[in-house]
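**Q** after the sequence you'll find the predicted model.
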Amino acid sequence: MNVTSATDSTSQSSSSTSSTTAPLSTGVDYNTFLKLLIAEMKNQDPTNPMDTSQYMSQFAQMSSVEQAMQTNTKLDSLLSSQSLSQADGLIGKTVSFTDSTGATFSGKVTSISINSDGSVATLEDGTKVAVGPGITISQS
């Protein structure tokens with residue numbers, strides 16, 4: 001029986017043409033898992049077939065991983081929404097903070113930008129301060 005390698009050059013050339021139309025994925029999605037499972041079933045030793053309970057176990061594990069990934073995506077969007085709500089509440093408030101040199105600053109928040117590291121408040125004088133521990137927020 002002739003079984004091709006997962007890193008066979010013919011399979012790489014066919015996958016490289018498809019990667020221009022679809023974004024690259026860092027993991028195995030549900031359809032890819034099913035294709036791998038079918039290939040495994042087709043190429044197993046007919047005199048010593050794999051137990052069906054092993055297939056079901058692999059299928060259940062893949063389903064739970066996929067559900068966990070979907071949950072993480074939903075949690076990320078929820079956290080992003082919560083960050084926007086909190087940022088909206090800071091505009092117009094007065095903040096006080098001490099920088100790394102020990103100097104104390106205070107000012108009114110005019111805008112908030114949210115990036116992957118957290119929220120950054122811009123004060124009226126253009127000073128930017130990370131919203132987090134060490135910052136005091138008060139009514140103006």
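**A** Right, received. Where do you want to start?

**Q** pretty sure residue 138 is touching residue 93, no?
**A** Yes. Counting by C-beta atoms under 8 Å, residue 93 is a contact partner of residue 138 at 6.7 Å. The way it works is simple: take the backbone N, C-alpha and C, and place the C-beta from them, glycine included.

**Q** those two: who's more crowded?
**A** residue 93 (13 against 9; other C-beta atoms under 10 Å).

**Q** and the residue sitting furthest away from the middle of the chain, its phi and psi?
**A** Most distant residue from the mean C-alpha position of the chain: residue 47, 43.6 Å away (C-alpha atoms, centre = their mean). When quoted as degrees, to the nearest 10, the phi and psi of residue 47 stand at phi -80, psi -20.

**Q** roughly how far does it sit from residue 129?
**A** The gap separating residue 47 from residue 129 is 70 Å, by C-beta to C-beta, to the nearest Å.

**Q** kindly report the same for residue 43.
**A** Applying C-beta to C-beta, the value for residue 43 to residue 129 is 60 Å.

**Q** look at those two and report which has more neighbours.
**A** More crowded of residue 43 and residue 129, by other C-beta under 10 Å: residue 129, with 19 against 11.

**Q** is it fair to say the more buried one lies in a strand?
**A** Yes. Using DSSP: H, G, I helix; E, B strand; the rest coil, the assignment for residue 129 is a strand.
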